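# coords please:
(2 chains)
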Amino acid sequence: DTEVTQTPKHLVMGMTNKKSLKCEQHMGHRAMYWYKQKAKKPPELMFVYSYEKLSINESVPSRFSPECPNSSLLNLHLHALQPEDSALYLCASSPVLVRGEKNTEAFFGQGTRLTVV
Amino acid sequence: GQQLNQSPQSMFIQEGEDVSMNCTSSSIFNTWLWYKQDPGEGPVLLIALYKAGELTSNGRLTAQFGITRKDSFLNISASIPSDVGIYFCAGRTRGSTLGRLYFGRGTQLTVWP
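Alright, predicted model coming up:
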């Protein structure tokens, strides 16, 4: 199984809603990532978890709250989002990277297309 | 953050033609990656490069890690319609936190039959 599965594929939410994006992998990867991607732009890193602990937060607003309940799951909790937060949210996973070694690079999920109205 | 300059921004070519795109940075990178992204999908890794001068092929795709460590190129030979998509270069610098990838702005490839 070399898949990263994201649910839902599409989500429309109001600015007062609370919703969650889910990501699951069964490759034994202990690093998991959230990226945000706007149309025709490259992915932008949001968060990195390593061994279920948050290791990178790219100054993401607190209305985005990540959670890594176990080594296979990664959630992104959304609350009080703005229309400009509408984007494709990508999850990725990889083995924990080791400096100086030839690493196995990240596998990306298909993404959740989020629309905030 | 790091700026990766990827060019060209878009290409319109005929089926069967060869394609070349490149990425440059102002900093030294120790990893260069090339991804392809289809509409509505996540990026898929095409080629990974880890050593200066390294030349790696994956079918009709060939990529090289520049000797200066500040650039990389991707060539696609004999393009076919399913090559359509956005190609991103990405990389890691020697000193950056592991897990942080810097992406280029992408090359949109269109292939006419």
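# which parts of chain B sit against chain A?
By the rule Cβ under 8 Å from any Cβ of the partner chain, the part of chain B lying against chain A is B:31, B:33, B:40-45, B:48, B:50, B:86, B:88, B:90, B:97-101, B:103-106, B:108. No exception for glycine: its C-beta is placed from N, CA and C like everyone else's.
# recalculate using a threshold of 10 Å.
B:1, B:4, B:6, B:9-10, B:30-31, B:33, B:35, B:37-45, B:47-48, B:50-51, B:86, B:88-90, B:92, B:94-95, B:97-106, B:108 (Cβ under 10 Å from any Cβ of the partner chain).
# residues contacting the residue nearest the centre of chain A?
Centrality entry for chain A: nearest residue to the mean C-alpha point is A:Trp34, 2.5 Å, by Cα atoms, centre = their mean. By Cβ atoms under 10 Å, 6 or more residues apart in numbering or on different chains, A:Trp34 lies in contact with A:21, A:23, A:43-49, A:56-58, A:60, A:64, A:66, A:74-76, A:89-92.
# buried subset of the residues of chain B next to chain A, written for ChimeraX?
Buried members of those, identified by 16 or more other Cβ atoms under 10 Å in any protein chain shown, are gathered into one ChimeraX selection as follows:
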select /B:4,6,30,31,33,35,37,42,43,45,47,48,50,86,88,89,90,92,98,99,100,101,102,103,104,105,106
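# just the strands in the chain please.
Using chain A. Per DSSP state E, chain A carries strands over the ranges A:4-7, A:10-13, A:18-25, A:31-37, A:44-50, A:53-57, A:64-70, A:73-79, A:87-94, A:107-108, A:112-116.
# let me rephrase: I mean chain B.
B:4-7, B:10-14, B:19-25, B:29-37, B:44-49, B:55-58, B:61-65, B:71-76, B:85-93, B:102-103, B:107-112.
# fine, thanks again, bye for now.
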